[in-house]
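Q: Coordinates for the following, if possible.
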Amino acid sequence: MQRIIVIGPSGAGKSTLARELHRLTSIPLVHLDHAFWHPHWQETNRDEWRRVQENMVAGSTWIIDGTYGSTLEIRLRAADTVLFLDFPRRICLWRAVKRWARYRGTTRPDMGEDCPEKMDREFLRWIWRWNQNERPQVMEKLGGVSLGTQVVRIRTPRQAARFLQSVEEAQENSGRMR
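A: All right, here's what the predicted structure looks like:
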């Protein structure tokens, strides 16, 4: 694993998993929300966003956190590992609400500068409908990844914890081998 993307619905825990993976491996980490959102929730324009991501994936090692379906194919082409947090919507909603309560009125570390945490009906509805609206397109794109790309589908928080534990054990074992 050298070029890793972490994808899934809002609230699934992508940023948390990516941060922990970065801690364990020291592979550079990029949060797409941090790159996409400018102060006061201003979006990066479409052409620039594609260029930004093409530059991101040009590196030899990275962890990129975020789904952003309209540009997912850029990252899928370059990744050697895809971690897909395919969680039930009730978990994602609960985690999104907890995140909002924790960061309300402030900007969380993985978000663009001066983008204070917010919650509204539209966002909650988007999370609720992600499995029916966004997930089918993500699954279709995952079906087209190259043969050498490892796709790890993580369906529960417990599976995520086990995955991280296996990475930690592999890191410890590789350290002993040297």
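
Q: Please make it C-alpha for all contacts and neighbour counts, starting now.
A: Fine.

Q: residues contacting the residue nearest to Thr107 when sequence neighbours are not counted?
A: Once flanking residues are discounted, Thr107 sits nearest to Pro116: 4.2 Å by Cα to Cα, 6 or more residues apart in numbering. Going by Cα atoms under 8 Å, 6 or more residues apart in numbering, Pro116 touches 40, 103-108.

Q: can I get those in CSV with pLDDT?
A: What follows is those, written out as CSV (pLDDT from 0 to 100):
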residue, pLDDT
His40, 94
Tyr103, 96
Arg104, 94
Gly105, 92
Thr106, 96
Thr107, 95
Arg108, 94
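
Q: Those residues, buried ones only, as a ChimeraX selection?
A: In ChimeraX syntax, the buried subset of those is picked out as below (16 or more other Cα atoms under 10 Å):
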select :108
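
Q: In the contacts of Pro116, find the pair that's most separated.
A: His40 and Tyr103 (15.5 Å; Cα to Cα).

Q: can you map out the helices along the protein?
A: 14-25, 32-36, 46-57, 72-78, 89-103, 121-133, 135-143, 157-177 (DSSP state H).

Q: residue ranges with poor pLDDT in this protein?
A: Along the chain, segments meeting pLDDT under 70 span 176-178.

Q: and if we set it to 90?
A: Under the criterion pLDDT under 90, the flagged ranges of the chain are 146-147, 171-178.

Q: List the contacts of Leu85.
A: Counting by Cα under 8 Å, 6+ apart, Leu85 touches 6-9, 12-14, 153-156.

Q: I meant to write Asp110 there.
A: Asp110 sits in contact with 15, 31, 33-34, where contact means Cα under 8 Å, 6+ apart.

Q: and with 6 Å instead?
A: 31, 34 (Cα atoms under 6 Å, 6 or more residues apart in numbering).

Q: Same check on Glu43?
A: Counting by Cα under 6 Å, 6+ apart, Glu43 touches Trp37.

Q: mind redoing it with 8 Å?
A: By Cα under 8 Å, 6+ apart, the contact list for Glu43 reads 36-37.

Q: I'd like to know how far it sits from Phe36.
A: 6 Å (Cα to Cα, to the nearest Å).

Q: about what we covered before: kindly indicate which of the contacts of Pro116 lies nearest Ser26.
A: Ser26 has its nearest neighbour among the contacts of Pro116 in Arg108, at 21.2 Å by Cα to Cα.

Q: Angles on the backbone of that closest one, please.
A: Dihedral pair for Arg108: phi -70, psi 160, per degrees, to the nearest 10.

Q: List the contacts of it.
A: Neighbour list for Arg108: 116-117 [criterion: Cα under 8 Å, 6+ apart].

Q: If we use 7 Å, what do you get?
A: By Cα atoms under 7 Å, 6 or more residues apart in numbering, the residues touching Arg108 are Glu117.

Q: That'll do, ta.
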